[in-house]
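J.: need coordinates for the below:
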Amino acid sequence: MKVLFIGDVVGKPGMELVSKLVFRYKRDNEYDLICINGENSAGGFGITKKGALKLKRYGCDVITTGNHIIDRKEELEGVFMIENVIRPMNYEPSFPGKGWTVVKKDDMECAIVNLQGTVFMPDEPKSTSPFTVISKNLKKIQDMTPIIIVDMHAEATAEKIAMRYFLDGKVSALIGTHTHVQTADENITEKGTAYITDVGMTGPFDSIIGMQPQPIISKFLGNTNEQFKLAKKDVRMNAVAFEINAKTGRATSIRRIQIAEDT
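T.: A predicted model of the protein is given here:
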């Protein structure tokens with residue numbers, strides 16, 4: 001199974017680039033499965049039902065999310081009614097949506113799981129330990145399919161790396177999201193798990209993680225009333241492509257991708 005996991009899409013600039021590239025990948029049958037983190041797709045803050053449907057129409061098979069979905073509370077019920085749009089599994093059970101899904105492609109079934117870290121993360125949405133929650137649910141997922149992809153949405157690199165060791169050989173891939181900065185540590189573990197600490201973002205790179213620099217700098221200087229504003233220039237897509245043995249669930253390759261809009 002050939003999988004593309006696209007980094008956190010940020011606002012209209014990122015959405016437009018995704019629409020062009022994913023269409024091309026689908027047309028050329030480059031990947032069996034395309035996943036994307038969509039928590040910042042709505043103007044850089046949250047996700048809407050309309051935006052999620054667009055990502056599905058563009059060709060994204062599964063949309064994972066994270067803490068910024070709370071920025072659009074009024075959209076949550078509608079967003080998570082859409083097939084294969086998921087939120088972190090370790091949110092409180094009363095939170096809308098579900099934490100994992102199974103997608104069938106040809107004769108292959110793949111489970112995609114969404115987790116969120118707790119270190120340096122906001123209090124809302126309320127979450128419990130991702131380690132405890134995945135432990136309770138992993139056997140059930142493994143019984144369905146050996147192909148398991150995890151989006152670990154977290155701030156702390158140490159927490160993501162700890163999860164890598166915790167799930168080593170138990171899942172096919174562990175892909176870090178949230179920080180919007182692509183890391184250079186992609187690798188296949190000895191037990192066959194594809195890993196990267198952060199896949200990066202898809203959006204404007206002439207920015208501070210997708211936002212115009214000056215308002216953020218002003219806020220660091222003490223102007224607490226400053227509002228963040230979406231940047232627009234130097235749009236790129238960050239992603240990772242990896243291959244999984246469909247019978248064993250072991251990953252066989254992983255590579256980082258960065259594509260600029262003008263190429």
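J.: show me where pLDDT drops low in the stretch 51-200 of the chain?
T.: Residues of the stretch 51-200 of the chain meeting the criterion pLDDT under 70: none.
J.: which residues in it form strands?
T.: Counting by DSSP state E, counting those that start in this stretch, one finds strands in the stretch 51-200 of the chain at the ranges 62-64, 100-105, 108-116, 148-153, 173-177, 187-188, 194-196.
J.: and these as TSV, adding distance to residue 18 and mean neighbour count?
T.: C-beta here means a position set from N, CA and C on the backbone, and glycine is covered the same way. Formatted as TSV, those follow (distance: least, CB to CB, whole Å; neighbours: other CB atoms under 10 Å):
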stretch	distance to residue 18	mean neighbour count
strand 62-64	11	30
strand 100-105	18	17
strand 108-116	17	24
strand 148-153	16	28
strand 173-177	15	28
strand 187-188	26	14
strand 194-196	19	27
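J.: so how many other residues sit close to residue 247?
T.: Residues contacting residue 247 under the criterion other CB atoms under 10 Å number 9.
J.: once you drop chain neighbours, what's closest to it?
T.: By the measure of CB to CB, 6 or more residues apart in numbering, the closest residue to residue 247 outside its immediate chain neighbours is residue 146, 7.2 Å from it.
J.: so how far is residue 97 from the closest residue to residue 53 other than its chain neighbours?
T.: Distances taken as CB to CB, 6+ apart place residue 82 nearest to residue 53, at 6.5 Å, with adjacent residues excluded. When distance is defined by CB to CB, to the nearest Å, residue 82 is 9 Å away from residue 97.
J.: now do residue 236
T.: From residue 236 to residue 97 the distance is 29 Å (CB to CB).
J.: likewise for residue 72?
T.: Residue 72 sits 13 Å away from residue 97 when distances are taken as CB to CB.
J.: common neighbours of those two, please.
T.: The overlap between the contact sets of residue 72 and residue 97 (CB atoms under 8 Å, 6 or more residues apart in numbering) consists of residue 79.
J.: okay, and the beta partners of the one residue sitting closest to the centre of the chain?
T.: In the chain, the residue lying closest to the centroid (CA atoms, centre = their mean) is residue 37, at 3.1 Å. With DSSP bridges applied, residue 37 shows beta-bridge pairing to residue 64.
J.: so which of residue 82 and residue 97 has more stuff around it?
T.: More neighbours surround residue 97 than the other of residue 82 and residue 97, with 19 against 15 (other CB under 10 Å).
J.: show me the contacts for the more buried one.
T.: By CB under 8 Å, 6+ apart, the neighbours of residue 97 are 76, 79, 80, 85, 86, 87.
J.: now render the residues you listed as a markdown table, adding neighbour count and distance to residue 62.
T.: Listed next are these as a markdown table, based on neighbours: other CB atoms under 10 Å; distance: CB to CB, whole Å:
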| residue | neighbour count | distance to residue 62 |
| --- | --- | --- |
| 76 | 21 | 18 |
| 79 | 25 | 13 |
| 80 | 20 | 13 |
| 85 | 26 | 8 |
| 86 | 21 | 7 |
| 87 | 27 | 12 |
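J.: just the closest of these to residue 59, please.
T.: For the contacts of residue 97, the minimum distance to residue 59 (CB to CB) is 14.4 Å, reached by residue 85.
J.: need the nearest residue in space to the closest one, chain neighbours excluded.
T.: In this structure, residue 85 finds its nearest non-sequential neighbour in residue 63, 4.5 Å apart by CB to CB, 6+ apart.
J.: so who does that neighbour touch?
T.: 35, 36, 37, 38, 47, 52, 55, 56, 82, 84, 85, 86.
J.: also residue 253?
T.: Counted by CB under 8 Å, 6+ apart, residue 253 has contacts 188, 194, 242, 243.
J.: how about the helix or strand in which it is found: buried residues?
T.: Using DSSP states H and E, residue 253 maps to strand 251-260. By neighbour count on 16 or more other CB atoms under 10 Å, the buried set for strand 251-260 is 251, 254, 256, 257.
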